[in-house]
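>>> pasting the sequence and the predicted coordinates here, then a few questions.
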Amino acid sequence: SQHTIQPKFKQSKNRFGSIVIGIPTIKREKASYLLETLKSVFDAMNEVEKNEAVVVIFIPELDDQSFVQTTIENLNRAYNYELESGLLEIVVPPAEFYPNFTLLPQDRVFNDSRERVKWRTKQNYDFSYMMAYCQKRGIYYLQLEDDVVAKSGFFSTIKNFITEQKSNDWMIIEFSQLGFIGKLFKCSQLKYFVNFFLMFANNKPVDWLFDIMLDVKICNPDKPNEHCLRSKTSLKIRYKPSLFQHVGIQSSLKGKTQKLKDKDFGKSFLSIVAHQNPLAKIKTSLKTYMKHSIDSVYLGSNFFWSMSPVENDYILFQFYKPTFIRRYYIKSGNPEHPEDKLYNATFHIKTQRPIQTEKIPKNYILTSDNFYIIDTFSNQLGTIKGKIDPNVTGLISEVRIHIPTKSDTWVIISEIDLSSKDKNEKKVSKFVSSK
């Protein structure tokens, strides 16, 4: 009914796009990858492509409304410009759209547990609602998940590949071989998939159902299976190499971990931004992994990668010449390893001379070894960003990152900017392999 299809919450400028990208996200037990996924998608598009796209974040979390509210707030904080421009929108479905999951029949196909049947059935309803919502929002619909990395230029690559097709008979183009990631549909045909998914929602997972739908559409039961497979190649086309890679480890199914990787994605090249940081001697107690040294990220030639921190690990930057620092930005984690970031870390400075008591900012905390703790890393984003007033601090001789607690994850630092300039200096981007 009309009542059950109306969103419970919608933040949208109602933009129409050439490609509408659907990304569902629900609460996971540990890690959330949504903000990093969005950053990867937006960084992979130029301004012209962004003007043609609509990215819909779909939050079908029925059991935890505080998670829904927090996700909406985080998206508004991190991507306010994209929301205001109409590039990004947020949708929350109504609970009435979903069936009573306690009444689902026992699984007779896979002999799955009731919990798993509920999970995959709800997933089918989630995808169906997303498709129904997006069918009038664009010409093509691209299905992603909230834990992927996008290849730079994916948007134009998809559009160009569509125009290269000699026939318009296709129903699905796959831009990744994994699950339901990177699947492209014509918006005009989404209604057929919605009806099919809902009809068999509790019978099979969604990536099986769309393949079965193609069987129904084109396969002749009187002919051998080879004929069916050959016939389906006109309806389902595979693009190589893959444009999207799965990076998440924590599944939305409680207790399930998954380390699925798309082998066709190839080596991922990550952009490293070089800044004109003050010359410094750098020491760290962290155990460096292979060639990913702390000096390399400071110079902008590679990212720093270390094994899991223990209590009171540190990174110390001792400037050869004390300098004025006006602003700082340090980013941990990267799109391929979003969980490898700094947690509970603090940012310290040591001034050449003690700051006059009346000038010490309220948030500055003096340590026993004469550093000032001036900021704390965001646990969610793994970043730190701020300004320093040289009139208060004077010359700074050392900077330190302190990690007070042990962590289960490794640490990547992908960018360090300790700037003495008021305005952004010209950034130099390099590309390095993560392998």
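On my side now, so go ahead.

>>> residue 79 contacts residue 37, correct?
No: using Cβ atoms under 8 Å as the test, residue 79 is too far from residue 37 to be in contact (11.6 Å). Just so you know, the C-beta spots here come from the backbone N, C-alpha and C atoms, and that holds for glycine as well.

>>> those two: which is more packed in?
residue 37 (25 against 20; other Cβ atoms under 10 Å).

>>> check contacts around the more buried one.
23, 144, 145, 146, 147, 148, 149, 335 (Cβ atoms under 8 Å, 6 or more residues apart in numbering).

>>> averaged pLDDT, the helix or strand encompassing residue 318. What do you get?
Secondary structure from DSSP states H and E places residue 318 in strand 313-323. Averaging pLDDT along strand 313-323 yields 96.

>>> what's the first helix or strand after that strand?
Heading C-terminal from strand 313-323 (DSSP H and E), you reach strand 327-332.

>>> pairing partners for that next one, with directions?
Counting by DSSP bridges, the strands paired with strand 327-332 are strand 383-387 (antiparallel), strand 411-419 (antiparallel).

>>> what number of residues lie near residue 243?
Neighbours around residue 243, by other Cβ under 10 Å: 27.

>>> an error on my part: the question was meant for residue 127.
26.

>>> report pLDDT for it.
Reported pLDDT for residue 127: 93.

>>> tell me the contacts of it?
So, once contact is read as Cβ under 8 Å, 6+ apart, residue 127 ends up touching 24, 143, 180, 197, 206.

>>> show me the contacts for the third one.
Think residue 180. Contacts of residue 180 by Cβ under 8 Å, 6+ apart are 127, 143, 145, 206, 207, 210.

>>> one more time with 10 Å
Counting by Cβ atoms under 10 Å, 6 or more residues apart in numbering, residue 180 touches 24, 123, 127, 143, 144, 145, 174, 205, 206, 207, 209, 210.

>>> which residues do residue 79 and residue 37 both contact?
With Cβ under 10 Å, 6+ apart, residue 79 and residue 37 have common neighbours residue 57.

>>> can you tell me how far residue 120 is from residue 105?
When distance is defined by Cβ to Cβ, to the nearest Å, residue 120 is 13 Å away from residue 105.

>>> likewise residue 386?
56 Å.

>>> give me the pLDDT for the residue lying closest to residue 353 once chain neighbours are set aside.
Nearest non-adjacent residue to residue 353, counting by Cβ to Cβ, 6 or more residues apart in numbering: residue 394, 5.7 Å away. pLDDT recorded at residue 394 is 95.

>>> domains in this protein, by residue range?
Each domain of the chain is listed here as a residue range: 2-265, 271-433, per automatic domain parsing.

>>> picking up where we left off before, inside strands: which ones of the contacts of residue 127?
Here DSSP state E is the test, and those give 24, 143 as lying in strands.

>>> okay if I get the contacts of residue 127 as JSON lines plus distance to residue 314 and pLDDT?
Compiled in JSON lines, the contacts of residue 127 are given as follows (distance: Cβ to Cβ, whole Å; pLDDT from 0 to 100):
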{"residue": "24", "distance to residue 314": "40", "pLDDT": "95"}
{"residue": "143", "distance to residue 314": "43", "pLDDT": "95"}
{"residue": "180", "distance to residue 314": "43", "pLDDT": "78"}
{"residue": "197", "distance to residue 314": "52", "pLDDT": "93"}
{"residue": "206", "distance to residue 314": "47", "pLDDT": "83"}
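
>>> so which of the contacts of residue 127 is the closest to residue 310?
Using Cβ to Cβ, residue 24 comes nearest to residue 310 of the contacts of residue 127, at 36.8 Å.

>>> bridging residues for the closest one?
Counting by DSSP bridges, the residues bridging with residue 24 are residue 58.

>>> wait, it sits on residue 148?
No: under the criterion of Cβ atoms under 10 Å, residue 24 makes no contact with residue 148, lying 11.9 Å away.

>>> where along the stretch 201-350 of the chain do the helices fall?
In the stretch 201-350 of the chain, the segments counted as helices under DSSP state H, counting those that start in this stretch are 206-218, 225-232, 294-299.

>>> buried residues, the first one. List them.
Think helix 206-218. Neighbour counts over helix 206-218 (16 or more other Cβ atoms under 10 Å) mark 206, 209, 210, 213, 214, 218 as buried.

>>> cool, thanks, signing off.
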